[in-house]
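In: Return a 3D structure for these sequence lines:
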Amino acid sequence: MSEAEQELAIMRSITARMKGFLYRCLNDDDYTLVHATPGILALTGYPASDFIGNAIRTLPSLTDPADEHYVLQTITAAMSNGEMWTVDYRVRRADRQSVWVREVGGGVFDDDGQLLFLEGLVIEVQGERAAQIAAEKRLAAMTSSTNAIISSVDDILKTIRALSILSFNARVEAARAGESGRGFAVVAAEIKKLADDSDRLIKGVSANVKAVRQVMASN
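Out: Have a look, this model is predicted:
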C-alpha cells in the first residue's frame, strides 16, 4: 500500500468513527456538493448519494430556517476577510429531529486567487450557539414571569399607600373624638405600622427581582 493509500485509509477510518462528515462543494448558487464522507448518513439520516451533485437534496436545505441567516452571515463575513469560519447551527435530520452541529470550513483557491470550492468539517455538538440561544430563552421566560411579579408589587404598593392614608385620616378623626376615639386611634396606629412594614417588604421583593434580572441579563 502506497503512502497516499495509507493516508486515505487512515482518513476513512477516522471519519467513519465520528458522527459528522467532511465535504467539498462548488461556490455556486446551490453550493453543489462534489464530495462528502459516509459519516453524513449517521449525522443527517441521508446517504451521501442524495447530496452529490445535489441529486435529491442540498446541504443548505438541511439547515434550520431559524439559523439560515446567521450561518450565511458568518460564512460570508469569513470569506470576505479571507478567513476560515466556525459556526454552530441546527440541522434537520431525516427523522425530523434537529441536532446541533459545528461547521469548520474555508475556501479553496487556484493559483490566481480564484475561489474554486468550499470545504470543511461538520460534526454534531452542543455548541456555544446552542448555549447562547438556550440562555436567551431562559432570560425571556424569566423576564415574562418577573414582569407579572413586578406588576403585582406595584398594585400592592398602591394598596399599602391607600391604607397609610386611611390610617392617618382615622387617627385625625380619633383625635377629634377625644376620649371616645382612643381605642380607634390604637387600631389606626397598628394599621399604619403594618402598612409601613409591608411597604418595606414589598419594596425589598421588587429590588431583589430586578437584581436577579440584571444578573441573568449579564450572563
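In: How is this protein partitioned into domains?
Out: Following automatic domain parsing, one gets these domains for the chain: 3-126, 132-218.
In: for the record, mean pLDDT for the longest one?
Out: Confidence over domain 3-126 (mean pLDDT, whole number) is 88.
In: quick one: residue 29 and residue 49, what's the gap?
Out: Going from residue 29 to residue 49 by Cβ to Cβ, to the nearest Å gives 22 Å. To be clear about C-beta, it is placed using only N, CA and C from the backbone, and glycine gets the same treatment.
In: which one of these two has more residues nearby?
Out: Neighbours per residue (other Cβ atoms under 10 Å) separate residue 29 from residue 49, with residue 49 holding more: 12 against 6.
In: which strands and helices sit next to the host helix or strand of residue 68?
Out: Secondary structure assigned from DSSP states H and E places residue 68 in helix 65-80. Counting contacts by 3 or more Cβ pairs under 8 Å, 6 or more residues apart in numbering; DSSP states H and E, the secondary-structure elements packed against helix 65-80 are strand 85-92, strand 98-109.
In: got the contact list for the first one?
Out: For strand 85-92, the surrounding residues in contact (Cβ atoms under 8 Å, 6 or more residues apart in numbering) are 43-44, 62-64, 66-67, 70-71, 74-75, 77-79, 98-106, 120, 122, 125, 127-130.
In: Derive a ChimeraX selection command for the buried subset of these.
Out: The buried subset of those, as determined by 16 or more other Cβ atoms under 10 Å, is captured in ChimeraX by this line:
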select :43,44,62,63,67,70,71,74,75,78,79,99,100,101,102,103,105,106,120,122,125,127,129,130
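In: since we're on residue 93, how many residues are nearby?
Out: Each residue near residue 93 was counted by other Cβ under 10 Å, and the total is 14.
In: That one and residue 80: what is the separation?
Out: When distances are taken as Cβ to Cβ, residue 93 and residue 80 turn out to be 31 Å apart.
In: What of residue 146?
Out: In this view, residue 146 and residue 80 are 41 Å apart by Cβ to Cβ.
In: Going by how many neighbours each has, rank these two and give me the top one.
Out: Set side by side, residue 146 and residue 80 give different neighbour counts by other Cβ under 10 Å, the larger being at residue 146 (17 against 8).
In: Now do the strands for the protein: every range, in order, please.
Out: Per DSSP state E, the chain carries strands over the ranges 20-26, 33-36, 85-92, 98-109, 115-124.
In: Can you add distance to residue 2 and give these back as JSON lines?
Out: Putting the strands of the chain into JSON lines (distance: least, Cβ to Cβ, whole Å) gives the following:
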{"stretch": "strand 20-26", "distance to residue 2": "21"}
{"stretch": "strand 33-36", "distance to residue 2": "21"}
{"stretch": "strand 85-92", "distance to residue 2": "33"}
{"stretch": "strand 98-109", "distance to residue 2": "24"}
{"stretch": "strand 115-124", "distance to residue 2": "23"}
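In: right, and those strands - which one's nearest residue 9?
Out: Between residue 9 and the strands of the chain, the shortest gap by Cβ to Cβ is with strand 20-26, which sits at 14.8 Å.
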